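[1] Sharing a model that was predicted from the sequence below.
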Amino acid sequence: MALQSKFHAGDTAPQRHETDGVDKILLAEAATFDESRIQSVLVVDPTSGHLLDDLQQVFPHAAIRVVADSLVDERTIHASHPDVVHPSGLTLNDEPQQPASTHTERYPAAIFLDVDLVVMRLPKSLDALDEFACAASQNLPTHARVIAGARTKYMTHSQTQVLHTYFGAVHASLGRFKSRVLHASLPVQPTQQPQPYPRTAALSTPKVTLAAHGGVFSGVKLDVGSRFLIEHLPDLLAAVPDATLFVDAGCGTGVLSVAIASHREGAHITASDVSRAAVLSTRATAQENGVSDQVVSYQDDALTSLPTASADVVICNPPFHTGTALDTSAAHRMFEQARRVLKPGGELWTVFNSPLPYKQVLHAEVGSTRVYATNKKFTVTVSRTPQP
């Protein structure tokens, strides 16, 4: 592909807003391509519409499309650019117990159709990068280019190796704005057939098979917090013998949903997560363990799609990071929505890192909260909503 420099060293990307260093270098690197040869741009997981606006300036004649793992990001982009987003198809219909779609592909082939350039941030997870690169190499046109940026301090040689598995040419840009970009081109078929996603692994304690798409928290390993909560699950369930309607908030791979289903026959678990990859992982985990009739998983923003006073118990292992940054805002939203979704006298079971001050937050936002179990690393609390 012919190159044509529109920016010079030290230039910044075109912008009318605050843009971080990664977006700046992505735009600067994108601008080195001949705009007449870029007719279709795929942007992966943008967090706002600003990057799209700037890319449209760089490629005024190109069609821009977006695929986002996060439902929040998808809705944010859709609000300002309604015609560019590839919808997840994993949210609820008007009937809240039925998933809107049975889509199983993390990256449908259609999103890569006729794409000339892919613009993305390098994901924190190597598995997430591997899953995307595999799908891209199988479905992109042979002339397509991929540019993937990140803060230099978070970049590793392993990311380059992953891209080399699926692309014949990979090189790094010079560093600018404390960031770099990896360029990948010439899609190839790997010399060894890659293990398909979702990946699976059979655990012995608890006896469950986990399924995980790339980037889902803890992958096919059971995280320590969920293990601690599962250890106490039989006693927690025994204290609410009549509970049948459960909600798994931030379901991840679905291990908590499957644990409840295996301990209580007849329980119905609604599992939700903001991440498309997590919802697909939960559906696969439920299928692997033969409890798909008990577990319904869908994409949601902190339970906002569920009816008020519709659950007996909400169970939650909330996130406290966004990418590489500490961020507890998602947990606070989950707590707030859990109170709304729970029936009067319903319970929220939460596991979290013991240093986090969640007990006070739960008491204020949900109701009376007690510590059920604790160790040096994790705490399990039980919060009860007020009775009328």
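    That came through, no problem. Numbers count the residues shown, from 1 in each chain.

[2] measure D45 to D223 for me?
    Distance, D45 to D223, using CB to CB, to the nearest Å: 23 Å. In this view, the C-beta of every residue, glycine as well, is placed from N, C-alpha and C.

[3] same question, A68
    For A68, the distance to D223 - CB to CB - is 24 Å.

[4] Which one's more surrounded, these two?
    Per other CB atoms under 10 Å, whichever of A68 and D223 has more neighbours is A68, with 23 against 17.

[5] Just to check, that one is in contact with L42?
    No - contact criterion CB atoms under 8 Å: A68 and L42 do not qualify, at 11.4 Å.

[6] So V188 is in contact with H164, correct?
    No - in terms of CB under 8 Å, V188 does not count as a neighbour of H164; the distance is 9.3 Å.

[7] For the two, indicate the residue with more neighbours.
    For V188 versus H164, neighbours defined as other CB under 10 Å are more numerous around H164 (16 against 13).

[8] Tell me the secondary structure of that one, please.
    Per DSSP: H, G, I helix; E, B strand; the rest coil, the secondary structure class of H164 is helix.

[9] show me what contacts the nearest residue to it once chain neighbours are set aside?
    The spatial neighbour of H164 that comes closest, neighbours along the chain excluded (CB to CB, 6 or more residues apart in numbering), is V170 at 5.1 Å. V170 is in contact with 160, 163-164, 182-185, counting by CB atoms under 8 Å, 6 or more residues apart in numbering.

[10] and what of L342?
    L342 neighbours (CB under 8 Å, 6+ apart): 309, 311-314, 348, 366, 385.

[11] same deal with A212?
    A212 touches 127, 198-200, 218-220, 253, 281, 285, counting by CB under 8 Å, 6+ apart.

[12] Where does the prediction get shaky in the stretch 1-150 of the chain?
    1-18, 93-104 (pLDDT under 70).

[13] Show me the strands in it, by range?
    Counting by DSSP state E, counting those that start in this stretch, one finds strands in the stretch 1-150 of the chain at the ranges 40-44, 63-67, 117-121, 145-151.

[14] Show me the residue at the heart of this protein, geometrically.
    The chain has S275 as the residue nearest its centroid, 3.4 Å off, counting by CA atoms, centre = their mean.

[15] contacting residues around that one?
    Counted by CB under 8 Å, 6+ apart, S275 has contacts 69-71, 215-216, 299.

[16] can you rerun that using 7 Å?
    Residues in contact with S275, defined by CB atoms under 7 Å, 6 or more residues apart in numbering, are 69-70, 216.

[17] What are the phi and psi values at it?
    phi -90, psi 130 (degrees, to the nearest 10).

[18] Tell me the bridge partners for it.
    S70 (DSSP bridges).

[19] Use 350 as the first number from now on
    Shifting the count to begin at 350 puts that one at S624.
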